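Colleague: Have a look; sequence and predicted model below, questions after that.
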Amino acid sequence: MTERTTLHRGRWTLEDRLESGLRELPVEVPPGTAALTVRLTFEGGVIDLGCAGPAGFRGWSGGARREFTISAGRATPGYLKGELEPGTWHVWLGLHRVPPGGVPYEITATTSTTPPPPPEEPAWPGVPERPPRRDLPAPAGARWLAGDLHSHTVHSDGTLTVPELACRAVARGLDFLAVTDHNTVSHHPELAAAGARAGIVLVPGQEVTTDLGHANVFGDTGWVDFRRPSAGWVAHAAEHGGVISINHPLSGDCAWRRELPPEARPRHVELWHSSWWDRRWGAPLSWASLWRPDVIPLGGSDYHDPAQHKSLGEPTTWLLVHDDDVLGALAAGRTAVTTGPDAGAPTLLRVEDELIVLGAAGSVLVRPDGGRLVVRRDDVRVPVRSGGMHRLESHENEVIALCG
């Protein structure tokens, strides 16, 4: 066995962060290398970790890990396994939080001619029984599917494997789940098999994550470069047949503050996020009206960990699907958002030229033009007057359902 070690050591300052928030440190990988292991140590602050090879992106773990290994047969979650091309690699350090006194750091990168042992076959959780599905009105040849458009696994900062997450989604009664790990696509190769075994559609996704805002890209689009301007993310999604949404635009330090010209603004917005815990707060609606007039509302739980005390499918995004084409329904904007997938949740659907209100007697239907209608029964149908987002509110102005 032959090993070679590269050491980078220093102190990042607040001035360094302001000059460039992403730093690239070179590591030479000689021919015949079977494994690359990188270890990061630092004191204070928050430094994210990732890497690229001569051929491009090879992984990202953000602040979730301080060590990774890449080889032909296996890689740390968040990183792409495969042959290690010889040449100059770069360790990526994201200077996420740097205090005034700076952050001392050390990078140790070790190349080895001996590959790591093959990975153990992960244990599969038992596939749970699915709760009964809601039977919602739909045109001939179509059906409404319940899902969640924002979740994370061990491939970024979640705690569950892909199979574990899939089984939890089935137990929750979901038909589809977008797996949107931060700045990586290393989870994508696992999704089809895990979804088929659990009986759920797992939609490939990536949460493109920066200090100034997050966006989800849905579909098998390949890796989206978070270092590019936001318009580049939008262009990448369009060029590769994906759908992009702006995530939780008013959620704490993850709020959307990135530059994006009006002509490039996506219609899809994760308006109903788990952080909108008091939906009498009208700021998300005001933001959406300023973003663009034809916003397509989405919902996402941003599920990471069972210990977070949040559930998959809270909120639930419903898609009116033809021929089981989940991504096509999402792209077309045939969406509705409810508090959850359970029967009895107040629901607002658009089916062709009709709005259908279910389980919401005593609520108020609010149209895009601001017009309002009191809903007196649990099953009400009214004609659609115009395009745009409609919503149901309680008598206390709490948003209880949305539809695109």
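Modeller: On my side now, so go ahead. Remember, predicted model here, so these are calculated numbers, not experimental data.
Colleague: residues contacting D225?
Modeller: 57, 232, 236 (C-beta atoms under 8 Å, 6 or more residues apart in numbering). Where you see a C-beta, it was placed from the backbone N, CA and C, and this is true even at glycine.
Colleague: ranges for the strands of the stretch 301-404 of the chain?
Modeller: Taking DSSP state E, counting those that start in this stretch as the test, the strands found in the stretch 301-404 of the chain are 316-322, 335-338, 347-351, 354-358, 364-366, 372-374, 379-383, 390-393, 399-403.
Colleague: Would you mind telling me which of those is nearest Y303?
Modeller: strand 316-322 (12.2 Å; C-beta to C-beta).
Colleague: What strands line up against the closest one, and which way round?
Modeller: strand 142-148 (antiparallel), strand 335-338 (antiparallel) (DSSP bridges).
Colleague: and the closest residue to T76 other than its chain neighbours, what helix or strand is that in?
Modeller: Nearest residue to T76, sequence neighbours excluded (C-beta to C-beta, 6 or more residues apart in numbering): F68, at 3.9 Å. Here F68 sits within strand 67-71, counting by DSSP states H and E.
Colleague: Buried residues of that strand, list them for me.
Modeller: Of the residues in strand 67-71, 68-71 count as buried by neighbour count, 16 or more other C-beta atoms under 10 Å.
Colleague: Show me what that strand is packed up against.
Modeller: Using 3 or more C-beta pairs under 8 Å, 6 or more residues apart in numbering; DSSP states H and E, the elements in contact with strand 67-71 are strand 35-42, strand 46-53, strand 56-62.
Colleague: now do 10 Å
Modeller: Strand 67-71 sits against strand 35-42, strand 46-53, strand 56-62, strand 103-112, with contacts defined as 3 or more C-beta pairs under 10 Å, 6 or more residues apart in numbering; DSSP states H and E.
Colleague: mean confidence score for it?
Modeller: In this model, strand 67-71 has a mean pLDDT of 98.
Colleague: Please list the outside residues in contact with that strand.
Modeller: 29, 33-41, 49-51, 53, 58-61, 75-84, 89, 91, 108, 110, 112, 114-119 (C-beta atoms under 10 Å, 6 or more residues apart in numbering).
Colleague: And stretch 361-376, by the same measure?
Modeller: Under C-beta under 10 Å, 6+ apart, the answer for stretch 361-376 is 285, 289, 293-295, 346, 348, 355, 357-360, 377-380, 382, 384-395, 397-402.
Colleague: Give me the below-cutoff pLDDT ranges for the stretch 51-200 of the chain.
Modeller: Scanning the stretch 51-200 of the chain for pLDDT under 70 picks out nothing.
Colleague: go with 80
Modeller: 121-122 (pLDDT under 80).
Colleague: show me where the stretch 201-350 of the chain has helices.
Modeller: 230-239, 283-291, 326-332 (DSSP state H, counting those that start in this stretch).
Colleague: which outside residues touch the longest one?
Modeller: Under the contact criterion C-beta under 10 Å, 6+ apart, helix 230-239 has outside partners 206, 208, 210, 212-213, 215-219, 221-226, 228-229, 242-246, 256, 258-261, 263-266, 268, 331.
Colleague: now it: mean pLDDT?
Modeller: Mean predicted confidence for helix 230-239 is 98.
Colleague: How about stretch 288-307?
Modeller: 96.
Colleague: distance between that stretch and the chain's centre?
Modeller: In terms of C-alpha atoms, centre = their mean, to the nearest Å, the centre of stretch 288-307 is found 10 Å from the chain centre.
Colleague: ok, back up a step: hmm, which of the contacts of stretch 361-376 are the buried ones?
Modeller: Buried among the contacts of stretch 361-376 (16+ other C-beta under 10 Å): 285, 295, 346, 348, 355, 357-360, 380, 388-393, 399-402.
Colleague: And for G101, nearest residue in space, chain neighbours not counted?
Modeller: G44 (7.2 Å).
Colleague: Can you say which of the strands paired with strand 316-322 is packed in most?
Modeller: Stretch with highest mean neighbour count among the strands paired with strand 316-322: strand 335-338 (a mean of 26; mean count of other C-beta atoms under 10 Å).
Colleague: With I200 as the reference, name the closest of the strands of the stretch 301-404 of the chain.
Modeller: Comparing those by C-beta to C-beta, strand 316-322 comes nearest, at 13.5 Å.
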